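# the sequence and its predicted three-dimensional model are supplied below.
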Amino acid sequence: MAGEPQDDCLFCKIVAGHVPATIVRETKTTVAFRDINPQAPTHILVIPKVHYPNAAELAAAEPALAADVLTETKAVAEEEKLESYRVVFNTGAGAGQTVFHAHAHVLGGRGMQWPPG
Ligand code: 5GP
Ligand code: ZN
């Protein structure tokens, strides 16, 4: 069920402390940690502590929590001193989503092209 921890979810395990991660920020509702396979000098994931399979379901069920995630992307960018950065919510396998617990990627520290591949 949405919002409930999922036994088979990697990011629920990171929230629970059962899988290690380099956590850079934590709030009552969110955790931010470094991506294990960074695609930019700064690559941090911001997730809600509760489980939703993607950003769309998170936004539909708990818009205030979705706003918390977005607010945290700003806080992360400030902490990392990023002047320019990209926030990405891959939503669905066809868009490149591989972990089905909603998350924002915060990418920065290098130049970027648009549109992405
Ligand atoms: P997605 O492809 O679902 O948008 O993003 C999932 C991200 O999670 C990928 O960028 C991937 O590198 C990252 N990731 C996968 N496994 C782990 C892990 O065990 N620890 C951390 N910190 N990041 C992970
Ligand atoms: Zn989860």
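Perfect, I can see it now. Ligands and ions are numbered 1, 2, ... in the order given.

# remind me which residues of this protein are low pLDDT?
Counting by pLDDT under 70, the ranges of the chain that qualify are 1-2.

# in it, which spans are strands?
Ranges of strands within the chain are 23-26, 30-34, 42-48, 85-88, 104-108, based on DSSP state E.

# so which of the ones you listed gets nearest ligand 2?
For ligand 2, the closest of the strands of the chain is strand 42-48, at 7.8 Å, according to C-beta to the ion. (C-beta placed from N, C-alpha, C; glycine too.)

# which other helices and strands contact the helix ranked longest in the chain?
For the chain, the longest helix by residue count, based on DSSP state H, is helix 63-79. The contact analysis (3 or more C-beta pairs under 8 Å, 6 or more residues apart in numbering; DSSP states H and E) places helix 63-79 against strand 23-26, strand 30-34, strand 42-48, helix 55-61, strand 85-88, strand 104-108.

# so what touches that helix?
Helix 63-79 has contacts (C-beta atoms under 8 Å, 6 or more residues apart in numbering) with 24-25, 27, 29-30, 32, 44, 46-48, 50, 55, 58-59, 85, 87, 102, 104, 106, 108.

# who in the protein is up against ligand 1?
Within the chain, the positions near ligand 1 by C-beta under 6 Å from any ligand atom are 10, 19, 21, 33-37, 90, 96-99.

# so which of those belong to helices?
residue 10.

# which of the residues of the chain next to ligand 1 sit farthest apart?
Across these, the longest distance by C-beta to C-beta is 21.3 Å; it joins 19 and 96.
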